[in-house]
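# Below is the sequence, then the predicted model.
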Amino acid sequence: AQKVTQAQTEISVVEKEDVTLDCVYETRDTTYYLFWYKQPPSGELVFLIRRNSFDEQNEISGRYSWNFQKSTSSFNFTITASQVVDSAVYFCALSEYRDDKIIFGKGTRLHILP
Amino acid sequence: NAGVTQTPKFQVLKTGQSMTLQCAQDMNHEYMSWYRQDPGMGLRLIHYSVGAGITDQGEVPNGYNVSRSTTEDFPLRLLSAAPSQTSVYFCASRQGSNQPQHFGDGTRLSIL
C-alpha cells in the first residue's frame, strides 16, 4: 500500500535562512505522482507542484525548489531565503497510477521567525 | 470561478445527530474525495469517487456514508455523530489520477 512519511513534525527557522522539508514515500507501482501542498494559517490548501515518476529532474520556482530522488524514494522541498509568509503547514502526497486515491503525509509545520 | 464549494463552513452537533456535509464542484471533474484533518494526523482520506455512481472507501471510512448521483455533487453523511468525528473536513476534486486536487475551504465540525 502507498505511504507518505514526513518525519519533521515542526520546524522553526529565522527569516532568510534556507530550509528543507523532507518527504519519503512507499509505493509498489512504477508509475506514480507526487505532490506538495501548502496550508497557510488561513486554512486553505494550495497546490504547489506535481512530479511524475518518470521525471527526475529537479524543479525550481523562484525561492522554491524540489529534489526528486527515486533511489531513496524521496521528494524533498527546499525554501531558499525563507520569508515570514512561508509560515504554513506543508503536505506531501502520493497518487499511484493503478489506484484512484491520493494519500497525504502528516504534514510539516514551518515557522519562519522574523 | 467557484471551484469546489463546501457547505456549511461551521457546524456544531450533538452526539447521535445526523448531518450531511455538502460538496459541489463546477469543473466537470470525475474524481472527488473527502478528507478529515486532525492535529498531528495530516489529511486522512474518508471516501472517494471516480465518477457518478462509483464510490470507494479510503483510510477512515467508518461512521461516514457517501453517494455520487451526479458529477458535480459528492455529499458526506454522518449517520450518528460521535465526538471522535470532531474535525475539519475537506472536499476535493481533480480531473484524473495524475492531476492535483482542488480543495474546498473546509467545514469545521464539532460534536458535543
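Alright, I've got the coordinates.

# Taking chain B, what residue is nearest to chain A?
Among residues of chain B, the one nearest chain A by CB to the nearest CB turns out to be residue B:42. It sits 3.6 Å away. C-betas here are computed from N, CA, C, even on glycine.

# Tell me how many other residues crowd that residue.
The criterion is other CB atoms under 10 Å in any protein chain shown. On that basis, residue B:42 has 21 neighbouring residues.

# and it, what does it touch?
With contact taken as CB atoms under 8 Å, 6 or more residues apart in numbering or on different chains, residue B:42 is in contact with A:6, A:91, A:104-107.

# got a pLDDT number for it?
pLDDT, the model's per-residue confidence, is 91 for residue B:42.

# SS state for the closest residue to it other than its chain neighbours?
For residue B:42, ignoring the flanking residues on the chain, the nearest one in space by CB to CB, 6 or more residues apart in numbering or on different chains is residue A:106 at 3.6 Å. Counting by DSSP: H, G, I helix; E, B strand; the rest coil, the backbone at residue A:106 sits in coil.

# Contact residues of chain A facing chain B?
A:6, A:9, A:33, A:35, A:37, A:43-45, A:47, A:50, A:52, A:91, A:93, A:95-97, A:99-107 (CB under 8 Å from any CB of the partner chain).

# and with 7 Å instead?
Contact residues, chain A versus chain B (CB under 7 Å from any CB of the partner chain): A:33, A:35, A:43-45, A:47, A:50, A:52, A:91, A:95, A:97, A:100-107.

# Out of these, list just those in strands.
When the residues of chain A next to chain B are checked against strands (DSSP state E), the matches are A:33, A:35, A:47, A:50, A:52, A:91, A:95, A:102-104.

# Chain B: strands as residue ranges?
Per DSSP E, chain B carries strands over the ranges B:4-7, B:10-13, B:19-25, B:31-38, B:42-51, B:54-57, B:64-66, B:76-78, B:87-94, B:102-103, B:107-111.

# Using a markdown table, lay out those strands together with distance to residue A:69.
Supplementary listing: the strands of chain B in a markdown table, determined by distance: least, CB to CB, whole Å:
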| stretch | distance to residue A:69 |
| --- | --- |
| strand B:4-7 | 32 |
| strand B:10-13 | 42 |
| strand B:19-25 | 34 |
| strand B:31-38 | 27 |
| strand B:42-51 | 22 |
| strand B:54-57 | 31 |
| strand B:64-66 | 37 |
| strand B:76-78 | 37 |
| strand B:87-94 | 25 |
| strand B:102-103 | 28 |
| strand B:107-111 | 37 |
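
# For residue B:83, see how far away the residue minimising distance to the centre of chain B is.
With the centre of chain B defined as its mean C-alpha position, the nearest residue by CA atoms, centre = their mean is residue B:34, 3.1 Å away. Per CB to CB, to the nearest Å, residue B:34 is found 19 Å from residue B:83.
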